[in-house]
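[1] with the input below, show me the fold.
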Amino acid sequence: MNTNINTAGGFSLEHFHMLLVGTSVRGAEVKKALEEHLVRGTAKGVSCKMYGANFSQFSVRLATILDEHDRVSRMVKFYVPQHVVLPVQTACAA
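    Alright, predicted model coming up:
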């Protein structure tokens, strides 16, 4: 997963928390920094400084969240009837 893509602010709070449940992300500081970045759009480094999160750990966990997002995106076809057309949405769509 390329974590250099612009993910800042691309997730709703509900979407973020649903993705988080499917991962092993547990550290409070990292979770808060990830939420700050993915939901509120704050820059990665700033988010880490705000919550005292290690930037390296943040980057690893960001990749984990984005991998989970990709996995769920690929699974949706198994849960939505084939005749239903879903709107196209990317991780960066507001």
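[2] C-alpha only now, for contacts and for neighbours.
    Noted.
[3] let's verify Arg40: helix, strand, or coil?
    coil (DSSP: H, G, I helix; E, B strand; the rest coil).
[4] that one contacts Thr7, correct?
    No - counting by Cα atoms under 8 Å, Arg40 stays clear of Thr7, with 10.3 Å between them.
[5] the more surrounded of these two?
    Taking other Cα atoms under 10 Å, Arg40 and Thr7 do not tie; Thr7 has more neighbours (21 against 16).
[6] remind me which residues of the protein are low pLDDT?
    Along the chain, segments meeting pLDDT under 70 span 1-6, 83-94.
[7] centre-most residue in it?
    Ile65 (4.6 Å; Cα atoms, centre = their mean).
[8] now that one, what's its secondary structure?
    Following three-state DSSP, Ile65 is assigned to helix.
[9] and the strands in the protein, which stretches?
    Ranges of strands in the chain, per DSSP state E: none exist.
[10] how about the helices in it?
    Using DSSP state H, the helices of the chain run over 13-21, 28-38, 44-51, 55-75.
[11] tell me the buried residues in the last one?
    For helix 55-75, the buried set under the neighbour-count rule, 16 or more other Cα atoms under 10 Å, comprises 55, 58-59, 61-69.
[12] what's the answer for the second one, then?
    Applying a neighbour-count criterion of 16+ other Cα under 10 Å, the buried positions in helix 28-38 are 29-38.
[13] what is the neighbour count of the closest residue in space to Gly9 that isn't next to it in sequence?
    Distances taken as Cα to Cα, 6 or more residues apart in numbering place Gly41 nearest to Gly9, at 3.6 Å, with adjacent residues excluded. Residue crowding around Gly41 was assessed by other Cα under 10 Å; the count is 17.
[14] contact partners for Gly41?
    7-10 (Cα atoms under 8 Å, 6 or more residues apart in numbering).
[15] residues touching the nearest residue to Leu20 once chain neighbours are set aside, list them.
    Distances taken as Cα to Cα, 6+ apart place Ile65 nearest to Leu20, at 6.6 Å, with adjacent residues excluded. Listed by Cα under 8 Å, 6+ apart, the contact set of Ile65 reads 19-20, 23.
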